[in-house]
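S.K.: This is the structure alone, sequence omitted:
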């Protein structure tokens, strides 16, 4: 069945970097918009980055200039730099079958990864 498998989370010091990966199984990502969301304890799930089939990307203001979304074949990446404790959350990748511009609305996405914990702490 269609599946997204995430990896790359962990503990990092403030100012550090992490790269999250999301491997898509049994789907061709060329036909999907991709996105990353995160959810901190007690907070709503927040859309932070998305990319459509043309390669255009959107970023939430909270991560703009620090995070970069990309896709290589059937894997989605989120490169995270200059991390701060405010970035601590469970991070999720998501996809939707679409050729329209991507949006940072969680209700628009059909398939989700299991989530990976990112903790930024000294």
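M.R.: Arrived safely, thanks for sending. Remember, it's a predicted structure, so these values are computed and weren't measured experimentally.
S.K.: contacts and neighbour counts: CA atoms only from here.
M.R.: Fine.
S.K.: wait, what's in contact with the residue minimising distance to the centre of the chain?
M.R.: Against the mean C-alpha coordinate of the chain, by CA atoms, centre = their mean, the closest residue is residue 36 at 2.2 Å. Applying CA atoms under 8 Å, 6 or more residues apart in numbering to residue 36 gives the contacts 47-50, 78, 91-94.
S.K.: Leaving out the residues flanking it, which one is nearest to it?
M.R.: residue 93 (4.5 Å; CA to CA, 6 or more residues apart in numbering).
S.K.: count of neighbours near the nearest residue to residue 81 once chain neighbours are set aside?
M.R.: The shortest distance from residue 81 to any residue other than its chain neighbours is 4.4 Å, reached at residue 17 (CA to CA, 6+ apart). Number of residues near residue 17 (other CA atoms under 10 Å) recorded here: 16.
S.K.: Can you give me the separation between residue 17 and residue 74?
M.R.: According to CA to CA, to the nearest Å, residue 17 stands 23 Å off from residue 74.
S.K.: again, but for residue 115
M.R.: Going from residue 115 to residue 74 by CA to CA gives 18 Å.
S.K.: more neighbours, the two?
M.R.: Neighbour count, other CA under 10 Å: between residue 115 and residue 74, residue 115 has more, with 21 against 15.
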